[in-house]
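**Student:** sequence first, predicted coordinates after that:
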Amino acid sequence: MGSQLKSIAVAMLGLLLFTMSWVGGAQPIAPGIIDPKSASPTKTVVLVRHAEKIEDGSHNPILTQAGQQRALALTEALKQLQLSQLIASNYQRTQLTLDPISSQRSLPVIIADTQFGVEAHVASVVTLVNQTSGNSLIAGHSNTVPLIIKALGGPSLPTIDEAQYGTLYQLSITESGDVNLTQTHFGK
């Protein structure tokens, strides 16, 4: 009789704990943007090619006046998007593209180095994106932006034309792994 009462008491306690956790202890949905179609949290990854650079023949040029204006326009274009991290390559043109938004939001620019080649750089960026539950902004290059998009589950895109600036690639990645790419333009 004693063991039966003990079993009933344990079962009732388990049922009580289950009911309490289901009714009163439900956790809120993780922060992020909600995709109305899936009703699951979505991580947003925004990628841009660095802004216009000075053509001075150097390996690591700075931005032109137009590039500096485009970097400011990026801040305006993303004013409604919460960001958890900013990622750039070790080249100053990518870092300078993110500098205004970094200053405005007091977010450091994380450097994903290119010294070990493009594949290692892309893998480093993907790792950084996957390590945060928040949204990321990445400033890359004409050859790396399409590779990063593909590595994050997006579609294959051609290399960006050297004269093309201002395309904003927005990847929405659901918790289930579905990826949607939209492209817009920022700056003049």
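**Tutor:** Thanks, I have the structure now.
**Student:** strands of this structure, residue ranges please.
**Tutor:** Secondary structure of the chain (DSSP state E): strands located at 33-34, 41-49, 85-88, 109-111, 136-140, 167-174, 179-185.
**Student:** out of those, which gets the lowest mean score?
**Tutor:** Of all the strands of the chain, the segment with the smallest mean pLDDT is strand 33-34, scoring a mean of 32.
**Student:** now the strands of the chain in a markdown table, with distance to L152 and mean neighbour count?
**Tutor:** Every C-beta, even on glycine, is put in place using the N, C-alpha and C of the backbone. Listed next are the strands of the chain as a markdown table, based on distance: least, C-beta to C-beta, whole Å; neighbours: other C-beta atoms under 10 Å:
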| stretch | distance to L152 | mean neighbour count |
| --- | --- | --- |
| strand 33-34 | 16 | 12 |
| strand 41-49 | 6 | 23 |
| strand 85-88 | 12 | 22 |
| strand 109-111 | 16 | 16 |
| strand 136-140 | 10 | 26 |
| strand 167-174 | 6 | 20 |
| strand 179-185 | 7 | 13 |
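**Student:** just send those back as TSV, with distance to L147 too.
**Tutor:** Formatted as TSV, the strands of the chain follow (distance: least, C-beta to C-beta, whole Å):
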stretch	distance to L147
strand 33-34	24
strand 41-49	10
strand 85-88	14
strand 109-111	18
strand 136-140	8
strand 167-174	12
strand 179-185	14
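**Student:** so which of those gets nearest S156?
**Tutor:** Closest to S156 of these, according to C-beta to C-beta: strand 179-185, at 10.7 Å.
**Student:** which helices and strands does the closest one pack with?
**Tutor:** strand 167-174 (3 or more C-beta pairs under 8 Å, 6 or more residues apart in numbering; DSSP states H and E).
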